[in-house]
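> Here is a sequence with its predicted model. Questions after.
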Amino acid sequence: MTLTRRTAIRRGLLRSTAATLAAAALPGPSRAQQDWPSRPIRFVTGDAAGGPLDTRLRELLTPVAARLGAQTIVDNKPGAASQISHQFIVTQPADGYTVLLANATMAIFPTLYRKLPYSPLRDFTPVAFGGLSPIGLAIPASHPARTYAEWTAWARTQKGKLNYGSVGNGAVGHLYGFQLGEELGLEATHVPYKTVAQFLPDLGAGIVHFAMLDLLSLRAFMQKGDLRVLAITGDERAPFVADIPTFAELGLRGYDRMGWSAYYVRAGTPQPIVERLSAAINEVNATPEWTARRLGLWSLWKPLTPDALRQRIVADTEAWGALIRKTGVYAD
């Protein structure tokens, strides 16, 4: 073999090897991504076992697991206003095997806690919407007012005498209650409770004069006739309380945000895994069975892609942040 031919063959082999290495370097799904899920997926919630979020999560995961072809496990980590569950996710690998179900506190905490040890926007990737619940202005059913206009006319005569309750400083009910009181000039006093179970009986008894709380929590007391809701947040009336107007209908702005829950994974989780997990959860939520079940629980839902969900969370974070700064109430 001549030197020229040997050189040509060597150069051909080098080019072939280089092409192979270059192809291997091109972005593409890794073996781990292709095999996902190959072991059980853990769903973490800050809700205690038997709580409303926990119960719905366990029911939803049966069909979700079937779609993913993997076993699912619920891991309850209550405490510290759900921060324990949030922080746990940050310590786990970004591999799609640990999923967080969290509520709207993820949009409130970044401002409420100035020393928050994690960033909901930086450290988490939104996956799918869990559900929506309008926030209602609730008063004792014994109060003579039947409409928002009647109640506000009375409330303005009670300047400095009224109080409103919530499940803690910085909670949605605290922030919305402050906003409403400020707009009406009520100079109302905030009364924080530790749990809804402690709070709602006092509201029904008139010890607390009004509250802004999600309909999911208010439902049982409304159905028993202990509470009356005069208006709800959101862009349109809810089908399960179609006779109750929205704040927007009544001419008030800034009451579009609702209570919600969403699924997250740790930031850095491969996008194909995020999209597959999102699709499985959305497919189950879109079934007629789950549509009917949510309506029975007074819960709403809409399909959102991970990117659209992130945009919504960013918008809520900015809106709640502005209101927290206005109240001047921080948790640390």
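Done, it's in.
> Buried by neighbour count: which residues of stretch 86-93 qualify?
By 16 or more other CB atoms under 10 Å, the buried positions in stretch 86-93 come out as 86, 88-90, 92. (Each C-beta comes from the backbone N, C-alpha and C, glycine too.)
> Over to stretch 267-281?
Applying 16+ other CB under 10 Å to stretch 267-281 flags 269-270, 273-274, 276-281 as buried.
> Specify the local secondary structure of the residue nearest to the spatial centre of the chain.
The centroid of the chain falls nearest to S261 when counting by CA atoms, centre = their mean (2.7 Å). Assigned with DSSP: H, G, I helix; E, B strand; the rest coil, S261 falls in the strand class.
> which of the buried residues of stretch 86-93 lies closest to R42?
Q92 (8.3 Å; CB to CB).
> Of the buried residues of stretch 86-93, which is the nearest to P239?
Distances from P239 to those, taken by CB to CB, are shortest for H86, at 32.1 Å.
> Check the offset of the strand or helix carrying the closest one from the chain's centre.
Per DSSP states H and E, H86 falls inside helix 83-90. Its chain's C-alpha centre and that of helix 83-90 lie 15 Å apart, by CA atoms, centre = their mean, to the nearest Å.
> Distance check, P270 against T125.
10 Å (CB to CB, to the nearest Å).
> And the helices in the chain?
In the chain, the segments counted as helices under DSSP state H are 3-25, 31-35, 52-68, 83-90, 105-112, 148-155, 172-184, 196-204, 215-223, 271-285, 288-296, 306-327.
> Minimum distance to F43: which of those has it?
helix 52-68 (6.1 Å).
> and the direction of the longest strand along the chain versus that of helix 105-112, what angle?
For the chain, the strand with the greatest residue count under DSSP state E is strand 124-133. Computed by axes from the mean of the first three to the mean of the last three CA atoms, to 10 degrees, the angle separating strand 124-133 from helix 105-112 equals 110 degrees.
> and strand 124-133 with helix 215-223, angle?
20 degrees.
> average pLDDT for stretch 264-274?
Stretch 264-274 shows a mean pLDDT of 97.
> which secondary structure elements does the helix holding H86 contact?
Helices and strands touching helix 83-90, by 3 or more CB pairs under 8 Å, 6 or more residues apart in numbering; DSSP states H and E, are strand 41-45, strand 98-103, helix 105-112, strand 259-266.
> So for the closest residue in space to S217 that isn't next to it in sequence, what's the pLDDT?
Using CB to CB, 6 or more residues apart in numbering and skipping the chain neighbours, the partner closest in space to S217 is V196 (5.0 Å). V196 carries a pLDDT value of 86.
> can you check D35 too?
85.
> contacting residues around the residue nearest to S217?
Listed by CB atoms under 8 Å, 6 or more residues apart in numbering, the contact partners of V196 are 167, 213, 217.
> filter those to the buried ones?
Buried among those (16+ other CB under 10 Å): 167, 213, 217.
> can you count the residues close to the closest residue to the second one other than its chain neighbours?
Once flanking residues are discounted, L213 sits nearest to G173: 5.1 Å by CB to CB, 6+ apart. Applying other CB atoms under 10 Å, we find 26 residues neighbouring G173.
> Contacts for stretch 161-169, please.
81, 155, 172-174, 177, 180-181, 186, 188-196, 199, 202-203, 208-213, 329, 331.
> OK, contacts around the closest residue to G321 other than its chain neighbours?
Excluding its sequence neighbours, the residue lying closest to G321 (CB to CB, 6+ apart) is T111, at 3.8 Å. Contacts for T111 were tallied using CB under 8 Å, 6+ apart; they are 317, 320-321, 324-325, 330.
> which of these sit farthest apart?
Most distant of the contacts of T111, by CB to CB, are T317 and Y330, 15.3 Å apart.
> from the buried residues of stretch 267-281, which is closest to A149?
I281 (41.1 Å).
> since we're on the residue nearest to the closest one when sequence neighbours are not counted, how many residues are nearby?
Excluding the flanking residues, the one nearest I281 by CB to CB, 6+ apart is A128, at 4.0 Å. Neighbour count for A128, taken as other CB under 10 Å: 27.
> Contacts only, for A128.
So A128 contacts 262-263, 277-278, 281-282, 285, 304, 306, 309 (CB under 8 Å, 6+ apart).
> Please repeat the previous calculation with a cut-off of 10 Å.
64, 99, 101, 261-264, 274, 277-285, 301, 303-306, 309 (CB atoms under 10 Å, 6 or more residues apart in numbering).
> go on, L61?
So L61 contacts 41, 43, 68, 71-74, 99, 101, 281, 284 (CB under 10 Å, 6+ apart).
> Can you read off the pLDDT for it?
Reported pLDDT for L61: 95.
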